[in-house]
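In: For reference, the sequence and a predicted model appear below.
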Amino acid sequence: MNRITARRRHPLARYAVLLLALVLIGGFYTLVTAKSNERADAAIASGKADDVAEGKKLFELSCSSCHGLNAEGTKQGPTLVGVGAAAVDFQVSSGRMPMANPGPQAPRKQPAPWVNETTIRQLAAYVQSLGGGPAVPGNEQVDAALGDKAKGGELFRANCIQCHNFVGAGGALTQGKHAPPLHEATERQIYEAMITGPQAMPVFNDSIITPQQKRDMIAYIVGVRDEPNPGGAGLGRVGPVTEGLVAWIVGISLLILAAIWITAKKRQAQ
Amino acid sequence: MSTGPVPKPIAGPSNFIDERIGAGTFLKRNLRKVFPDHWSFLLGEIALYSFIILLLTGTFLTFFFKPSMGHTVYEGSYDALKGVTMSEAYASSLHISFDIRGGLLMRQMHHWAALLFTAGMMVHALRVFFTGAYRKPRELNWLIGVLLLTLALLEGLTGYSLPDDLLSGAGLRITEGVAISLPLVGTWITFFLFGGEYPGEDVISRFYSLHILLIPGILLALITAHMILMWVQKHTQMPGKGRTNENVVGAPFYPAFMAKAGAYFMFTFGVIALLGTFAQINPIWLFGPYNPANISAGSQPDFYMGFLEGALRLMPAWEINLFGGSGGTLPMNVLIPALVPMGIIMTGLALYPFLEQWVTGDRREHHVVDRPRNNPHRTSIGMSAITFYGLLWLLGANDEIAAFFSVSLNWTTYVGRVLIFVGPFLAYVITYRTCLGLQRKDADIIGHGVESGVIKRLPSGEYIEVHVPPHPAIEALMRDKKPVPIIAGADSDDPDGDGIPSKGMRSPLGKLRAKMSKAYGGEKIALTDGHAHGHEEHAAVGSGEDDKPSLTH
């Protein structure tokens, strides 16, 4: 006991304690985060290392002209090191990548003919192997049926509608950029967009919005999108602009026609 | 019609009333009142009948609406908002939409009727403006109309805010922004209006009182005054055969005009009911409850507020900080768009009859209206104003335009900033030239007649087209054209020939007035101009074998 007490007063003791603490925390961190890297490692381990090789071929063929031969990025396109498989799945499955022509923003379009589940998986594996990043979410993670619509709605209104509109009809951003409508986005794509922040969109990582909350938001978006319009034709669900158009083009036009009809037979002066 | 003895159950009560309030003479005098017939004279009735429907549907809505900003948790039947905290106003609006039988239909009809109310007032006002029907003795009724339009905007704004959904909250926030931007009194007015810091707890119930009691009360009184004045002054009539400033040509109120007016009410009701049934309007459940922290892309006001929204979006961010900010801030980026366009349009509307009188010196009574082409400057000023208003209105939706047509949002603003100055000018020039062109066309028809489509070969071998005189009704319409008056002494610098300009024209203002009068008034294209050339064609009318004028071609 005495010996310890004596050493506790040693001039270097405080540094030793600090070092010990750092080692402990660092070790603990490595243990914990190793778990999330497991998926990529597991992919390679479970015989999908071929995916990486195949993905590299696809990448060189269709993506490298803008993103560089080693995905290091060029003037035309950003580096893909660290963007993760989720980003690849989102961009390619929604047809945004490969981009048809340069513009302020890549629009959603029909995916290229070579795009299918396998090629996306291979490309994603290749990009994931470059520097990790968010992985493709599992089916259960994006299942709208497991989310709480009402809670998701509150989160959606707080975080998304300032760009995407109250029903996800999309909206304009600066200089030709836009927040796309969410009408065609799949549940998985919505989730991936949140974790990767494509194009003009900010990243909503798991510490800002938990995976459960993301699922709630998906439940709201998908639920409201599929909900019928109880009041008749939805008029694009974009608010008063189309309502004003209808009031003038349908309402006033019909009433003017009626007025013309009613007064068609005139009295003439004798 | 054979009038036998009046049945006793009718004669008894009729006599009773007649002997006490003298209704018989009143009715006898007024039931046969003559109303001129033209489709554009019915446009104001769109607003009148929409107002009636607004009163009816609005009363229904008050039975179930709770004008309270108290917090509550929604437990109604709309799934996507279950368990969400919201105000009682919003919850009761949802209740009306989903749980009250016929509630959604009533809400939608109320909203569509509100849009048609304002739109009807606008087309009616345009008709009155472009035909000069506001001229003496109808200036007061015109002023009442301008007041009605202003109140309708206010009524719309308060009504739009009531459901307390996210979109109405956005409008309320802009209202607050405008109020607080006023110099000196802004903060005080805002705190007074909202009962403290925005949004407070009071604004919905205050707007409710304004929306269902005060403003509709004033509207109803003014509409009544508008109708009585119209009745007393008699309706204007279109120019035409046998129509003068001393008579009214048309159908008697009973039975002809009453039937038409009744039918038109049914049409208005029908259109509003159809829209309310088949077109969804203001789906508040999709917007969610109001929360000052949230705002949606594509937040827009109803169409009649669109021009204010557009002005706000066009305005560059210009602020004046007095004494380095310690003397307060003048937020010109809010003050100008909130006050200037509204001021130009409403003040311009109100003053126009008096300005025109000042410029033309025309103090006569007018009961026959102008064809728009025959007062080209008035028509051009009107089209300029429409362009100014229309551009602001259009650019109020510039984010929707940018998103829908995939153009840059910034460029819609830049282009708009130029167009708002250039557009009205272009509209003026184009309209003016068009009016003169139409006047020339009239002169041509009066001078030459109408092309008959019959080609005739003369003995000399020359081919000419036979022209026939226009239909008498059309000719009467065209011949009614009178030059716009000019104030005495304005058309020449020296009317008396003594080298001295007339008295009123000596001051700078007098000189300006004379100049304006000369430009505004006068005969631009005389109807006789058409005679100046083409006498041979004219002769061909006489030499044609069909003496009967035909308009079948």
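Out: Perfect, thanks for sending it.

In: going forward, measure contacts between C-alpha atoms and count neighbours the same way
Out: Noted.

In: residues contacting residue 68?
Out: Going with chain A. Residues in contact with residue A:68 (C-alpha atoms under 8 Å, 6 or more residues apart in numbering or on different chains) are A:74, A:77, A:79.

In: meant chain B, my bad for not saying
Out: Applying C-alpha under 8 Å, 6+ apart to residue B:68 gives the contacts B:87-89, B:201-202, B:204-205.

In: Looking at the residues you listed, which one is closest to chain A?
Out: Distance from chain A was checked for each of the contacts of residue B:68 by C-alpha to the nearest C-alpha. The minimum falls on residue B:87, at 14.5 Å.

In: surely that closest one meets residue B:72?
Out: Yes - taking contact to mean C-alpha atoms under 8 Å, the distance of 5.8 Å between residue B:87 and residue B:72 places them in contact.

In: Which of the two has more residues huddled nearby?
Out: A side-by-side neighbour count of residue B:87 and residue B:72, using other C-alpha atoms under 10 Å in any protein chain shown, places residue B:87 first with 26 against 15.

In: show me where the stretch 201-350 of chain B has helices.
Out: Secondary structure of the stretch 201-350 of chain B by DSSP state H, counting those that start in this stretch: the helices cover B:203-209, B:215-233, B:258-278, B:284-287, B:306-314, B:332-360.

In: Throw those into a markdown table and include mean pLDDT, distance to chain A and mean neighbour count, thanks.
Out: Putting those into a markdown table (pLDDT from 0 to 100; distance: least, C-alpha to the nearest C-alpha, whole Å; neighbours: other C-alpha atoms under 10 Å in any protein chain shown) gives the following:
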| stretch | mean pLDDT | distance to chain A | mean neighbour count |
| --- | --- | --- | --- |
| helix B:203-209 | 95 | 21 | 19 |
| helix B:215-233 | 95 | 19 | 15 |
| helix B:258-278 | 95 | 4 | 18 |
| helix B:284-287 | 94 | 6 | 20 |
| helix B:306-314 | 94 | 9 | 24 |
| helix B:332-360 | 94 | 19 | 17 |
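
In: what's the closest of the ones you listed to residue A:226?
Out: Residue A:226 lies closest to helix B:284-287 among the helices of the stretch 201-350 of chain B, at 12.3 Å (C-alpha to C-alpha).

In: Determine the set of other helices and strands touching the closest one.
Out: The criterion is 3 or more C-alpha pairs under 8 Å, 6 or more residues apart in numbering or on different chains; DSSP states H and E, and the helices and strands that helix B:284-287 contacts are helix B:166-181.

In: try 10 Å this time
Out: Judged by 3 or more C-alpha pairs under 10 Å, 6 or more residues apart in numbering or on different chains; DSSP states H and E, the packing partners of helix B:284-287 are helix A:149-159, helix B:88-98, helix B:166-181.

In: Tell me which of these sits most buried.
Out: For those, the stretch with the most neighbours on average is helix B:88-98, a mean of 24; neighbours defined as mean count of other C-alpha atoms under 10 Å in any protein chain shown.

In: Kindly export that one (C-alpha atoms) in PDB.
Out: Only the C-alpha atoms of helix B:88-98 are listed here, as PDB (Å, rounded to 0.1, in the frame of the first residue of the first chain):
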ATOM      1  CA  GLU B  88     -58.100  24.000 -30.600                       C
ATOM      2  CA  ALA B  89     -58.800  26.100 -33.700                       C
ATOM      3  CA  TYR B  90     -56.900  23.600 -35.900                       C
ATOM      4  CA  ALA B  91     -58.300  20.600 -34.100                       C
ATOM      5  CA  SER B  92     -61.900  21.900 -34.700                       C
ATOM      6  CA  SER B  93     -61.100  22.600 -38.300                       C
ATOM      7  CA  LEU B  94     -59.900  19.000 -38.700                       C
ATOM      8  CA  HIS B  95     -63.100  17.900 -36.900                       C
ATOM      9  CA  ILE B  96     -65.200  19.900 -39.400                       C
ATOM     10  CA  SER B  97     -63.200  18.300 -42.300                       C
ATOM     11  CA  PHE B  98     -63.400  14.700 -41.200                       C
END
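
In: average model confidence for the very next helix or strand once past that helix?
Out: Beyond helix B:88-98 on the C-terminal side, the first helix or strand identified by DSSP states H and E is helix B:103-130. For helix B:103-130, the mean pLDDT works out to 97.

In: Please see if helix B:103-130 touches chain A.
Out: Yes - contact between helix B:103-130 and chain A, assessed by C-alpha under 10 Å from any C-alpha of the partner chain, occurs at B:104-105, B:107-108, B:111-116, B:119-120, B:123.

In: show me the contacts for the residue nearest in space to the middle of chain B.
Out: Against the mean C-alpha coordinate of chain B, by C-alpha atoms, centre = their mean, the closest residue is residue B:122 at 1.7 Å. Residues touching residue B:122, when contacts are defined by C-alpha atoms under 10 Å, 6 or more residues apart in numbering or on different chains, comprise B:43-44, B:47, B:116, B:128, B:145-146, B:149, B:304.

In: Which one (most neighbours) among the residues you listed?
Out: Neighbour count (other C-alpha under 10 Å) singles out residue B:116 as the most crowded of the contacts of residue B:122, with 27 neighbours.

In: wouldn't that residue be in contact with residue B:51 here?
Out: Yes - because the distance of 9.1 Å satisfies C-alpha atoms under 10 Å, residue B:116 is recorded as touching residue B:51.

In: Overlap of the contact sets of these two?
Out: residue B:110.

In: now residue B:11, what's its secondary structure?
Out: Each residue gets one of three states, and residue B:11 gets helix by DSSP: H, G, I helix; E, B strand; the rest coil.

In: so how far is chain A from it?
Out: Using C-alpha to the nearest C-alpha, to the nearest Å, one gets 33 Å for the distance from residue B:11 to chain A.

In: if we can go back for a sec, what would the contacts of residue A:68 look like in JSON lines with distance to residue B:157, neighbour count and pLDDT?
Out: Shown next, in JSON lines, are these (distance: C-alpha to C-alpha, whole Å; neighbours: other C-alpha atoms under 10 Å in any protein chain shown; pLDDT from 0 to 100):
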{"residue": "A:74", "distance to residue B:157": "52", "neighbour count": "14", "pLDDT": "88"}
{"residue": "A:77", "distance to residue B:157": "48", "neighbour count": "16", "pLDDT": "86"}
{"residue": "A:79", "distance to residue B:157": "50", "neighbour count": "16", "pLDDT": "90"}
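
In: Need those residues in CSV (columns: distance to residue B:487).
Out: Formatted as CSV, the entries for the contacts of residue A:68 read as follows, by distance: C-alpha to C-alpha, whole Å:
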residue, distance to residue B:487
A:74, 75
A:77, 72
A:79, 77
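
In: Kindly confirm my reading that residue B:464 forms part of a strand.
Out: Yes - with the criterion set as three-state DSSP, the secondary structure at residue B:464 is a strand.

In: How many residues are close by it?
Out: Close neighbours of residue B:464, defined as other C-alpha under 10 Å, add up to 14.

In: Now do it against residue B:457, distance only.
Out: 6 Å (C-alpha to C-alpha, to the nearest Å).

In: how distant is the helix ranked longest in chain B from the center of its chain?
Out: In terms of residue count, the longest helix belonging to chain B (DSSP state H) is helix B:409-448. Distance, stretch centre to chain centre, for helix B:409-448: 20 Å (C-alpha atoms, centre = their mean, to the nearest Å).

In: How about stretch A:116-136?
Out: If you compare the mean C-alpha spot of stretch A:116-136 with that of the full chain, they lie 16 Å apart, counting by C-alpha atoms, centre = their mean.

In: which stretches of the stretch 451-553 of chain B form helices?
Out: B:472-479, B:508-520, B:535-543.

In: Quick one: residues contacting residue A:61.
Out: Contacts of residue A:61 by C-alpha under 10 Å, 6+ apart are A:55, A:69.

In: Try it again at 8 Å.
Out: Residues in contact with residue A:61, defined by C-alpha under 8 Å, 6+ apart, are absent; none qualify.
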